[in-house]
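>>> generate a structure from the sequence data that follows.
(one chain, ligands or ions: 1)
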Amino acid sequence: CRTNTLAGKKVIVTAGGTREPIDPVRFIGNHSSGRMGFALAKAAVLAGADVTLIAGSNDHLETPPGVSRRIDVGSTRDMKAAVDAYYDDCDLVIKAAAVADYRSAAPAKNKIKKNDDVLNLKLEKNPDILYGLGQRKTHQVLIGFAAETTNVIEYGTAKLKKKNLDMLVANDVSAKGAGFQGTTNIGTLLYADGRVEKLEKMSKFALAEIIVDRAAKIIA
Ligand code: PMT
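Numbering: from 1, shown residues only. Next up is the predicted model:
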């Protein structure tokens, strides 16, 4: 789609995982490599957009050439602050990041010693970044992802509605060749008007180009 379909548009892409500290050496995290989000940043640049890439933990991926700015973040609250800072005058947000829903209620200052057989961690809920964006949406197009292992379309549709999104990319992260890590993904695009577009397995970059193409059509 290297056709300048997003020329003059400001795009935020989130990629990778967020990490929540338990103590100075341990964290709660997830398997996100950042590949899906970085591929989206690359595809958005090729479509002519001004791209802000907000990156959580990832496999030390290089910033795609042409990305206007990259902001590296740690926790979910850090990612929220970065996204919120660029949201108001952006045109499109694509949230491929895998976000930690909970954080330790009281991260330890020093390394926790392994004295007891059972260690209880109290977790508290993180803010839902995308839900917050959906609440204060003015003109922005919002695209979320849903990492599911069962009832992919049903749960994805519920997230699309709850978070006030224009499109959601549902991926079954338990399917071979889909989801975390790896270079391929299998996405089903769910639209706000109820349309469902099932896609085959393809490279994360090919999927990113389709997502960017569909986003440009929603904006146009
Ligand atoms: O990075 P890779 O290894 O390439 O893997 C790609 C991927 C599997 C991470 C990606 O394709 C994917 O599915 N990303 C979304 C993962 C996720 O957090 O899904 P979710 O169903 O928990 O969240 C739904 C949406 O809300 C997501 O867009 C997420 O960014 C957002 N969210 C979730 C929780 C939260 N507290 N704030 C959010 O903004």
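
>>> give me the pLDDT value at the nearest residue to Arg136 once chain neighbours are set aside.
Leaving aside its sequence neighbours, Arg136 sits nearest to Tyr87 (C-beta to C-beta, 6 or more residues apart in numbering; 7.8 Å). Using the backbone N, CA and C atoms, a C-beta is placed for each residue, glycine as well. pLDDT for Tyr87: 98.

>>> repeat that for Asn115.
pLDDT recorded at Asn115 is 88.

>>> what about it, neighbour count?
6 (other C-beta atoms under 10 Å).

>>> numbering from 110 from now on, please.
I'll keep to 110 as the first residue from here, and by that count the last item is Asn224.

>>> three-state assignment of Gly175?
The three-state label given to Gly175 by DSSP: H, G, I helix; E, B strand; the rest coil is coil.

>>> dihedrals phi and psi, it?
The phi and psi values for Gly175, taken as degrees, to the nearest 10, are phi 90, psi -10.

>>> picking that back up, isn't the residue nearest to Arg245 right next to Lys204, touching?
No - Tyr196 is beyond contact range of Lys204, at 11.4 Å (criterion: C-beta atoms under 8 Å).

>>> and those two? which has more neighbours close in?
Lys204 (26 against 20).

>>> isn't the more buried one up against Ile238?
Yes - between Lys204 and Ile238 a contact is recorded at 7.1 Å, counting by C-beta under 8 Å.

>>> and for those two, which residues touch both?
Listed as contacting both Lys204 and Ile238 by C-beta atoms under 8 Å, 6 or more residues apart in numbering are Thr123.

>>> what's in contact with the longest helix along the chain?
Across the chain, the helix with the greatest residue count (assigned by DSSP state H) is helix 313-328. With contacts defined as C-beta under 8 Å, 6+ apart, helix 313-328 is touched by 110, 114-115, 118, 144-145, 148-149, 151-153, 155-156, 200-201, 203, 250, 252, 275-276, 278, 292-294, 296, 298, 306, 308.

>>> so which bits of this structure are right by the ligand?
Proximity of the chain to the ligand, by C-beta under 6 Å from any ligand atom, involves residues 141-145, 185, 204-208, 210, 235, 237-239, 253-256, 268, 280, 282, 288-290, 294, 313.
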